[in-house]
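In: mind looking at a prediction? Sequence and model below.
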Amino acid sequence: MADLEQVRVYTALKINADDKVADPASDLIREELRELLDGILRGLPERERIIIESRFSRDGDSPETLGRLGKRLCLSKERVRMLEKKALGSLRKTLVERGVDIRDFLAV
């Protein structure tokens, strides 16, 4: 079963991928989250960064499937899934180390 913090990171990435914003305060919080996540993503190994960015598309594109990503990266679907899980864990760990409570962003 997925760790609760990992689920929160996953949810934050999904929220960040949705550009529909209701009010200016949400705009500011969403931009802060985007900047925070972009900075953390830059610290991931390239392959993990590509997987996260492709699976949680913020450009309005449909997220890539594990299979499609696997073909593009010459990996099995299972290996892509494992790298995604590892990257989400790294994101969670970095957020915790920085003292960021992702729930603050999820309340928006």
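Out: Now that the structure is in, tell me what you want to look at. Numbers count the residues shown, from 1 in each chain.
In: contact partners for the spatially most central residue of the chain?
Out: The centroid of the chain falls nearest to residue 13 when counting by C-alpha atoms, centre = their mean (3.8 Å). Contacts for residue 13 (C-beta atoms under 8 Å, 6 or more residues apart in numbering) come out as 37, 52, 56, 91. For the C-beta atoms, the positions are set from N, CA and C on the backbone; glycine is no exception.
In: buried subset of those?
Out: Listed as buried from the contacts of residue 13 are 37, 52, 56, 91; burial here means 16 or more other C-beta atoms under 10 Å.
In: hmm, back to that, format the contacts of residue 13 as JSON lines; extra columns: distance to residue 27, secondary structure and pLDDT.
Out: What follows is those, written out as JSON lines (distance: C-beta to C-beta, whole Å; DSSP: H, G, I helix; E, B strand; the rest coil; pLDDT from 0 to 100):
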{"residue": "37", "distance to residue 27": "16", "secondary structure": "helix", "pLDDT": "85"}
{"residue": "52", "distance to residue 27": "23", "secondary structure": "helix", "pLDDT": "92"}
{"residue": "56", "distance to residue 27": "19", "secondary structure": "coil", "pLDDT": "84"}
{"residue": "91", "distance to residue 27": "23", "secondary structure": "helix", "pLDDT": "89"}
